[in-house]
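Engineer: Take this sequence and fold it.
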Amino acid sequence: MEVNYLFDIFLESLTDSAKMIPLLLISYVGIELVEYKYANKIRGMVQKAGAAGPAIGALTGSFPQCGMSVVASVLYSQRLVTTGTLLAVYLSTSDEAIPVILSQPESIKIIVPLLITKIIIALIGGYTVDFVFRKSNKETLVHIKAYAEGSDNKHHNHEIILEKKACCGHSTSPSSVEFNHKEIILHPIVHTAKVFIFIFSFSFAISFAIAQMGEEAFKNLFLGSSVFQPFLVALFGLIPNCAASVAITMLYLKGAITYGSTIAGLCTSVGLGLLVLFKEEKGKKNVLIILLLLFGISVLAGYIIQYIFIEFIPKLKLFL
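Structural biologist: Here you go, the predicted model:
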């Protein structure tokens, strides 16, 4: 009986997850083509943005996958973007959240509010950080200006960024080379398979837990609407792997975590960006400061949104 019970959950999770494969693959091929066509232009805009960096970083960072966070991390280590620009990219990045949502047509309506929310957080967070660090950013802005005008130190090798890899080993700047079928076709297939495994695993685990515990008990497992939930989800989002954003998105779509907690978790889910920053940035104190700022802004944003959705909006509805 128990075996049949587990098999039913397994089969249902496998079937539901398999239905997402075509849309996931289409999404990833589309993302790859856009990266191939515009990656260098986007990178150029970010590294020459200067004081306007947080705005451009917030917009470009919202593009799906962690490639932009990897690029921003290397640019920061080369002092071609400000601290606020780096954080704006990080905060607007959602890693795998958008493709996962796109693979479930009934949930597509939440994409625009999600992106707008994260872009606003990235703008406020990025410009606030640049204002606070305005003195230390002066040297960086001078360097960015010199680079943009072509008068940078000839010994500065900024093209190292072309050697960096994002998820599944694909280039962070695919438009720097000739059309590569491996990048455009093979990588989306590999990435789709990888994300499918994550989705299936989480879906099976969630379905099994709900069947065993009941829906309410399952939600309580994630602290329900507790004030601790955004903090814990943001902490989970710091895991430098696309599995984190997949899990957070799946938990939200299953109703296990709140919108505020989801935003907090996805704001810290920058994929491999943090690993690249830790590797490339010589000043480890700077890495720690950026990590704390990323976590702090994400948690604060999550709590504010949590309050708006749980406290303010219900009261507003009653008033109206």
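Engineer: Report the separation between the residue nearest in space to the middle of the chain and Leu102.
Structural biologist: Closest residue to the average C-alpha location of the chain: Ser94 at 2.5 Å, with C-alpha atoms, centre = their mean. Ser94 sits 11 Å away from Leu102, going by C-beta to C-beta, to the nearest Å. All C-beta spots, glycine's among them, are computed from the backbone N, C-alpha and C.
Engineer: try Gln65
Structural biologist: Taking C-beta to C-beta, one finds Gln65 at 12 Å from Leu102.
Engineer: who has more neighbours, these two?
Structural biologist: Gln65 (26 against 19; other C-beta atoms under 10 Å).
Engineer: that older thread, anything in contact with each of Ser94 and Leu102?
Structural biologist: In the contact map built from C-beta atoms under 8 Å, 6 or more residues apart in numbering, no residue is linked to both Ser94 and Leu102.
Engineer: just to revisit the earlier point, now for the closest residue to the residue nearest to the centre of the chain other than its chain neighbours, how many residues are close by?
Structural biologist: Take Ser94 and drop its neighbours on the chain: the residue closest to it by C-beta to C-beta, 6 or more residues apart in numbering is Leu266, 4.9 Å away. By other C-beta under 10 Å, the residues close to Leu266 number 31.
Engineer: Now for Leu266: which residues touch it?
Structural biologist: Ser94, Asp95, Ala97, Leu114, Lys118, Gly237, Ser245, Ile248, Thr249.
Engineer: What of Phe278?
Structural biologist: Residues counted as contacts of Phe278 (C-beta under 8 Å, 6+ apart) are Lys284, Val287.
Engineer: That one: which element?
Structural biologist: Applying DSSP states H and E as the criterion places Phe278 in helix 273-280.
Engineer: For the stretch 101-250 of the chain, give me the ranges with low pLDDT.
Structural biologist: 143-183, 213-225 (pLDDT under 70).
Engineer: Helices of that one, residue ranges please.
Structural biologist: Secondary structure of the stretch 101-250 of the chain (DSSP state H, counting those that start in this stretch): helices at 111-132, 134-148, 181, 187-213, 215-221, 229-237, 242-253.
Engineer: Can you report how many residues lie near the nearest residue in space to Val246 that is not next to it in sequence?
Structural biologist: Of all residues not flanking Val246 in the chain, Phe198 sits nearest, at 4.4 Å (C-beta to C-beta, 6+ apart). Phe198 sits with 20 neighbouring residues when counted by other C-beta under 10 Å.
Engineer: Just confirm Phe198 contacts Ala243, I think it does.
Structural biologist: Yes: counting by C-beta atoms under 8 Å, Phe198 touches Ala243, with 5.1 Å between them.
Engineer: how close does Thr192 sit to Val71?
Structural biologist: 22 Å.
Engineer: for Phe10, same thing?
Structural biologist: 39 Å.
Engineer: For those two, work out which one has more neighbours and name it.
Structural biologist: Per other C-beta under 10 Å, whichever of Phe10 and Val71 has more neighbours is Val71, with 26 against 14.
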